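J.: fold the following.
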Amino acid sequence: MLLSLAALAGCGFAPIHGPEGSARNLRGRIAVLAPADEEGSALVRRLEDRLGTPQEADLVLAAQIRIGESAVGFLFGGEISRFNVEGQVDWQLTDNTGAAVLAGRERGFTSYAATSTTVATTSARRDARRRLMVILADHVATNILTHGS
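T.: Next up, the predicted model:
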(Lines give C-alpha, C1' and ligand atoms only; values in the text may rest on other atoms or scores of the structure.)
Protein backbone atom coordinates (compact mmCIF):
# COMPACT_ATOMS: atom_id res chain seq x y z
CA MET A 1 0.00 0.00 0.00
CA LEU A 2 2.80 2.42 0.82
CA LEU A 3 4.39 1.66 -2.53
CA SER A 4 1.14 2.56 -4.27
CA LEU A 5 0.94 5.88 -2.45
CA ALA A 6 4.55 6.64 -3.33
CA ALA A 7 3.84 5.88 -6.99
CA LEU A 8 0.86 8.26 -6.99
CA ALA A 9 2.91 11.01 -5.38
CA GLY A 10 5.66 10.54 -7.95
CA CYS A 11 3.30 10.84 -10.95
CA GLY A 12 2.04 14.30 -9.97
CA PHE A 13 -1.34 13.07 -8.71
CA ALA A 14 -3.26 15.82 -6.88
CA PRO A 15 -6.77 15.38 -5.48
CA ILE A 16 -9.39 17.59 -7.14
CA HIS A 17 -10.43 19.03 -3.77
CA GLY A 18 -6.86 19.30 -2.45
CA PRO A 19 -4.96 22.57 -1.96
CA GLU A 20 -3.73 22.57 -5.57
CA GLY A 21 -6.75 20.84 -7.11
CA SER A 22 -8.95 22.24 -9.89
CA ALA A 23 -11.94 22.55 -7.55
CA ARG A 24 -10.15 25.37 -5.73
CA ASN A 25 -9.96 27.42 -8.94
CA LEU A 26 -13.62 26.92 -9.83
CA ARG A 27 -15.29 27.24 -6.42
CA GLY A 28 -17.88 30.04 -6.45
CA ARG A 29 -17.17 31.01 -10.08
CA ILE A 30 -20.06 29.17 -11.77
CA ALA A 31 -23.64 30.47 -11.93
CA VAL A 32 -26.02 27.61 -12.70
CA LEU A 33 -29.04 28.14 -14.95
CA ALA A 34 -31.56 25.30 -14.98
CA PRO A 35 -35.31 25.01 -15.52
CA ALA A 36 -37.33 26.63 -12.74
CA ASP A 37 -39.15 23.46 -11.71
CA GLU A 38 -38.67 21.04 -8.83
CA GLU A 39 -36.08 18.94 -10.67
CA GLY A 40 -34.19 22.02 -11.88
CA SER A 41 -34.05 23.41 -8.35
CA ALA A 42 -32.71 20.09 -7.04
CA LEU A 43 -30.05 20.05 -9.77
CA VAL A 44 -28.96 23.62 -8.97
CA ARG A 45 -28.80 22.90 -5.22
CA ARG A 46 -26.56 19.88 -5.73
CA LEU A 47 -24.32 21.64 -8.25
CA GLU A 48 -23.88 24.56 -5.85
CA ASP A 49 -23.03 22.08 -3.07
CA ARG A 50 -20.31 20.59 -5.29
CA LEU A 51 -19.09 23.73 -7.12
CA GLY A 52 -19.84 26.43 -4.56
CA THR A 53 -22.47 29.13 -4.41
CA PRO A 54 -21.59 31.76 -7.01
CA GLN A 55 -19.80 34.74 -5.45
CA GLU A 56 -18.12 36.38 -8.42
CA ALA A 57 -19.42 34.21 -11.23
CA ASP A 58 -17.51 34.56 -14.48
CA LEU A 59 -18.79 31.23 -15.83
CA VAL A 60 -22.37 30.19 -16.60
CA LEU A 61 -23.60 26.61 -16.60
CA ALA A 62 -26.79 26.13 -18.62
CA ALA A 63 -28.59 22.82 -18.23
CA GLN A 64 -31.54 21.20 -19.98
CA ILE A 65 -33.16 18.29 -18.19
CA ARG A 66 -35.13 15.45 -19.78
CA ILE A 67 -36.87 12.82 -17.66
CA GLY A 68 -38.79 9.72 -18.65
CA GLU A 69 -40.39 6.88 -16.73
CA SER A 70 -41.00 3.29 -17.65
CA ALA A 71 -42.82 0.51 -15.87
CA VAL A 72 -40.46 -2.35 -14.98
CA GLY A 73 -42.30 -4.39 -12.36
CA PHE A 74 -45.75 -5.89 -12.47
CA LEU A 75 -47.95 -7.75 -10.00
CA PHE A 76 -49.96 -10.86 -10.92
CA GLY A 77 -53.04 -8.77 -11.71
CA GLY A 78 -51.11 -6.61 -14.20
CA GLU A 79 -50.76 -3.73 -11.77
CA ILE A 80 -47.47 -1.81 -12.04
CA SER A 81 -45.27 -2.24 -8.97
CA ARG A 82 -42.02 -0.52 -9.98
CA PHE A 83 -40.90 2.31 -12.24
CA ASN A 84 -37.51 3.30 -13.61
CA VAL A 85 -36.86 7.02 -13.91
CA GLU A 86 -34.33 7.81 -16.63
CA GLY A 87 -32.80 11.25 -16.92
CA GLN A 88 -30.53 13.19 -19.18
CA VAL A 89 -28.91 16.60 -18.73
CA ASP A 90 -27.43 18.45 -21.68
CA TRP A 91 -25.14 21.12 -20.28
CA GLN A 92 -22.81 23.83 -21.47
CA LEU A 93 -20.34 25.91 -19.51
CA THR A 94 -19.64 29.32 -21.03
CA ASP A 95 -17.38 32.19 -20.04
CA ASN A 96 -18.44 35.83 -19.64
CA THR A 97 -18.08 36.42 -23.41
CA GLY A 98 -20.51 33.57 -24.15
CA ALA A 99 -17.79 31.33 -25.56
CA ALA A 100 -18.24 27.63 -24.78
CA VAL A 101 -15.68 26.30 -22.31
CA LEU A 102 -17.06 22.77 -21.82
CA ALA A 103 -20.20 20.89 -22.77
CA GLY A 104 -21.60 17.46 -22.23
CA ARG A 105 -24.50 15.11 -21.85
CA GLU A 106 -24.95 13.11 -18.68
CA ARG A 107 -27.35 10.22 -18.18
CA GLY A 108 -28.54 8.34 -15.14
CA PHE A 109 -31.45 6.42 -13.72
CA THR A 110 -33.08 5.44 -10.49
CA SER A 111 -36.31 3.69 -9.60
CA TYR A 112 -39.18 3.66 -7.16
CA ALA A 113 -41.87 1.29 -6.01
CA ALA A 114 -45.53 1.94 -6.69
CA THR A 115 -47.62 1.14 -3.64
CA SER A 116 -51.30 0.71 -3.03
CA THR A 117 -51.68 4.33 -1.89
CA THR A 118 -51.48 7.36 -4.15
CA VAL A 119 -49.78 9.50 -1.51
CA ALA A 120 -46.95 7.00 -0.91
CA THR A 121 -46.42 6.45 -4.64
CA THR A 122 -46.35 10.20 -5.31
CA SER A 123 -43.83 10.68 -2.50
CA ALA A 124 -41.64 7.84 -3.81
CA ARG A 125 -41.79 9.31 -7.32
CA ARG A 126 -40.71 12.77 -6.13
CA ASP A 127 -37.90 11.25 -4.06
CA ALA A 128 -36.68 9.20 -7.05
CA ARG A 129 -36.60 12.34 -9.21
CA ARG A 130 -34.61 14.23 -6.55
CA ARG A 131 -32.15 11.32 -6.29
CA LEU A 132 -31.82 11.35 -10.08
CA MET A 133 -30.94 15.06 -10.01
CA VAL A 134 -28.20 14.36 -7.44
CA ILE A 135 -26.80 11.62 -9.68
CA LEU A 136 -26.86 13.84 -12.77
CA ALA A 137 -25.44 16.87 -10.93
CA ASP A 138 -22.59 14.75 -9.58
CA HIS A 139 -21.80 13.57 -13.13
CA VAL A 140 -21.78 17.19 -14.40
CA ALA A 141 -19.66 18.45 -11.50
CA THR A 142 -17.15 15.61 -11.85
CA ASN A 143 -16.83 16.29 -15.57
CA ILE A 144 -16.27 20.01 -14.98
CA LEU A 145 -13.80 19.47 -12.14
CA THR A 146 -11.73 16.91 -14.04
CA HIS A 147 -11.67 18.82 -17.34
CA GLY A 148 -11.94 22.43 -16.19
CA SER A 149 -9.33 24.64 -14.67
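
J.: let's verify Ile65: helix, strand, or coil?
T.: Using DSSP: H, G, I helix; E, B strand; the rest coil, the structure places Ile65 in strand.

J.: who does it form a beta bridge with?
T.: Applying DSSP bridges to Ile65 gives these bridge partners: Val89.

J.: ok, Pro54 - contacts?
T.: Gly28, Arg29, Ile30, Ala31, Val32, Glu48 (Cβ atoms under 8 Å, 6 or more residues apart in numbering). C-beta here means a position set from N, CA and C on the backbone, and glycine is covered the same way.

J.: ok, 10 Å please
T.: Arg27, Gly28, Arg29, Ile30, Ala31, Val32, Glu48, Val60, Leu61 (Cβ atoms under 10 Å, 6 or more residues apart in numbering).

J.: now for the longest helix out of those in the chain, which elements pack on it?
T.: Looking across the chain with DSSP state H, the single longest helix is helix 118-147. Contacting helix 118-147 under the criterion 3 or more Cβ pairs under 10 Å, 6 or more residues apart in numbering; DSSP states H and E are the following elements: helix 22-26, strand 30-33, helix 38-51, strand 59-74, strand 80-95, strand 100-113.

J.: now do the fourth one against helix 38-51, angle only.
T.: Put simply, strand 59-74 runs at 120 degrees to helix 38-51, going by axes from the mean of the first three to the mean of the last three Cα atoms, to 10 degrees.

J.: report the buried residues of strand 59-74.
T.: Under the neighbour-count criterion of 16 or more other Cβ atoms under 10 Å, strand 59-74 has Leu59, Val60, Leu61, Ala63, Ile65, Ile67, Glu69 buried.

J.: swap in the fifth one?
T.: Judged by neighbour count (16+ other Cβ under 10 Å), strand 80-95 contains these buried residues: Phe83, Val85, Gly87, Val89, Trp91, Leu93, Thr94.

J.: hang on, isn't the fourth one packed against Leu43?
T.: Yes - using Cβ atoms under 10 Å, Val89 makes contact with Leu43 at a distance of 7.0 Å.

J.: which neighbours do the two share?
T.: Here Val89 and Leu43 have Ala34, Ala63, Ile65, Leu132, Met133, Leu136, Ala137, Val140 as joint contacts, going by Cβ under 10 Å, 6+ apart.

J.: hang on, the second one packs against Leu33?
T.: It refers to Ala63. Yes - between Ala63 and Leu33 there is a contact under Cβ under 10 Å: 6.9 Å.
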